[in-house]
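Participant: Could you look at this predicted model? Sequence included:
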Amino acid sequence: MSVANVVLHVADVHKRFGGLHALADIDLEVEEGQTHAIIGPNGAGKSTLLNVIIGKLAPTSGQVVFDGTVLTGRKPYQINQLGIARVFQTPEIFADLSVLHNVMIPALAKRDGAFKLNMMGSLAYEKKIREEAEHMLEDVGMLSSREDHAGSLSRGDKRRMELAMCLIQHPRLLLLDEPTAGMSRHDTNTTIELLKKIKSRGMTKVIIEHDMHVVFSLADKISVLAQGRIIADGTPDQVRGNPKVQEAYLGGETE
Ligand SMILES: Nc1ncnc2c1ncn2[C@@H]1O[C@H](COP(=O)(O)OP(=O)(O)OP(=O)(O)O)[C@@H](O)[C@H]1O
């Protein structure tokens, strides 16, 4: 019998902000190769949970374990180096550089452990990174924009470029914070197809998303947060049919 490999384990995590219990009793297991969505109404604690995972916030108690390594207490860049990449709600990009250079930077930084663009090493290495960056841009449908200024891109294109910036790191776990926020329906559908393509390569993903169309198109597992607690988790069908979830969050939105 094959036992699913748990890549990320959020173990009994609590987070308090003064008197506010933003996260309580959070236990979450993300299995290798799966797309695990975290959903919940405004203020449920989704961003807080993501920030605890990536090391931006320290939990009040509990810990996060990634592939057997305790993340809690490590800095965000150390967690990134362990193989966790994330796509933000607001893309973090180098607006003055070209699209191609934006995608090359994370690969160079990964090699150097820091941004040492002035010490790019051998030309052969740069050529290899450039080719890989072009390949990633092709993957996200942006090869023809490679010489454009990143700052001049549309919001949807910035997010696709940021995805390429993550993919070039070959992360074991990709965290996506509302990857389709602010996108048109057309861009949203393009992003869904792109994320499906990534999934078919076996990459594990945790996705925070408000758009139920996106969640039910992509997720293998869904955890539902409400008022800092996980009130339900399971497959999309299990979650969809759960009366507690319908009451707390979904309402008629999925019909
Ligand atoms: N730094 C902070 N200091 C104090 N309270 C905070 C802080 N960050 C978040 N909170 C509170 O913690 C609770 C959870 O917030 P969080 O942003 O994690 O929710 P969310 O599910 O991501 O909401 P949204 O969908 O609106 O982004 C909210 O009541 C919020 O006001």
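Facilitator: Cool, the structure landed.

Participant: which strand residues sit across from the closest residue in space to Thr35 that isn't next to it in sequence in the sheet?
Facilitator: Residue nearest to Thr35 in three dimensions, not counting chain neighbours: Lys205, with 4.6 Å by C-beta to C-beta, 6 or more residues apart in numbering. C-beta here means a position set from N, CA and C on the backbone, and glycine is covered the same way. Judged by DSSP bridges, the bridge partners of Lys205 are Thr35, Leu174.

Participant: can you pull the contacts of Lys205?
Facilitator: Counting by C-beta atoms under 8 Å, 6 or more residues apart in numbering, Lys205 makes contact with 34-36, 173-176, 195, 198-199, 218.

Participant: do you know how far it is from Gln246?
Facilitator: Going from Lys205 to Gln246 by C-beta to C-beta, to the nearest Å gives 25 Å.

Participant: Gly45 too?
Facilitator: From Gly45 to Gln246 the distance is 19 Å (C-beta to C-beta).

Participant: which of those two has more neighbours?
Facilitator: Gly45 (23 against 16; other C-beta atoms under 10 Å).

Participant: Any chance of the backbone angles for the more buried one?
Facilitator: Backbone geometry at Gly45, expressed as degrees, to the nearest 10, gives phi 120, psi 10.

Participant: Settle this for me: it is touching Ala22, isn't it.
Facilitator: Yes: counting by C-beta atoms under 8 Å, Gly45 does reach Ala22; the two are 5.1 Å apart.

Participant: list residues touching both of the two?
Facilitator: Counting by C-beta under 8 Å, 6+ apart, the residues touching both Gly45 and Ala22 are 15, 228.

Participant: Give me the nearest residue to Val30, chain neighbours excluded.
Facilitator: Leu8 is the one closest to Val30 (C-beta to C-beta, 6+ apart), at 4.0 Å.

Participant: Need the residues that contact the helix or strand harbouring the one you found.
Facilitator: Following DSSP states H and E, one finds Leu8 within strand 6-17. Residues outside strand 6-17 that contact it (C-beta under 8 Å, 6+ apart) are 21-32, 45, 48-49, 52-53, 57, 59-67, 172-173, 204, 206, 228.

Participant: Pull up the pairing partners for it, direction included.
Facilitator: strand 20-31 (antiparallel), strand 61-66 (antiparallel).

Participant: name the element Phe216 belongs to?
Facilitator: helix 212-218.
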